[in-house]
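J.: any chance you could fold what I've pasted below:
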Amino acid sequence: MSVRIARLGSPRTKDEGLRIGTARRPPRGVPKSEFASQDWYDVWYPNLAPSAELVKQAQDADTPNAWAVFVKQYRAEMATPDNARTLALLAALSHHSAFSVGCNCQDEAHCHRSVLRALLDERGARLKAG
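T.: Numbers count the residues shown, from 1 in each chain. Predicted coordinates for the structure are as follows:
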């Protein structure tokens, strides 16, 4: 059992389990009834997405320093009590269930899911590679 960090819209792995979408907005042009069948997500949970302002900041972060500022601010958003409890819950569930969380950004290194990976790891989550 473990949590996988996935790119939404990519093919699912055999043992991936429930896919949780943490993108700020659902994919455009995809009917809600097809989100799961097209490998986007089974459940949309934008609570773990950066705020709309931070999404824009991340998209504009074209230097390592700008990205570091985004990471710091996103970590602050994830430190709020509700988000911190959600991260703790996911970390605990990763020891008993197989599931994935993700976003549809192409490059994980320049996506909040890279920070989610670190946040879950810091909370003792069992992370699956890939």
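J.: any idea how far Ala52 is from the residue sitting nearest the centre point of the chain?
T.: Among the residues of the chain, the one closest to the centroid is Gly102, at 3.6 Å (Cα atoms, centre = their mean). To Ala52, Gly102 is 19 Å away according to Cβ to Cβ, to the nearest Å. Placement of C-beta: from N, CA and C, glycine included.
J.: and for Ile20?
T.: As for Ile20, its distance to Ala52 is 20 Å (criterion: Cβ to Cβ).
J.: Leu120 now?
T.: Relative to Ala52, Leu120 is positioned 23 Å away (Cβ to Cβ).
J.: ranges for the helices of this protein?
T.: Counting by DSSP state H, the chain has helices at residues 52-60, 64-78, 81-93, 112-122.
J.: so what secondary structure elements neighbour the last one?
T.: When contacts are defined as 3 or more Cβ pairs under 8 Å, 6 or more residues apart in numbering; DSSP states H and E, helix 112-122 packs onto strand 3-7, helix 64-78, helix 81-93, strand 99-103, strand 127-128.
J.: thought Ala58 was touching His110, still the case?
T.: Yes: using Cβ atoms under 8 Å, His110 is in contact with Ala58, at 7.4 Å.
J.: what residues are shared contacts of those two?
T.: Here His110 and Ala58 have Trp67 as joint contacts, going by Cβ atoms under 8 Å, 6 or more residues apart in numbering.
J.: neighbour-wise, which of those two wins?
T.: Between His110 and Ala58, counted using other Cβ atoms under 10 Å, Ala58 has the larger neighbour count: 22 against 14.
J.: next one: that one from Asp42, what distance?
T.: Taking Cβ to Cβ as the measure, Ala58 falls 25 Å from Asp42.
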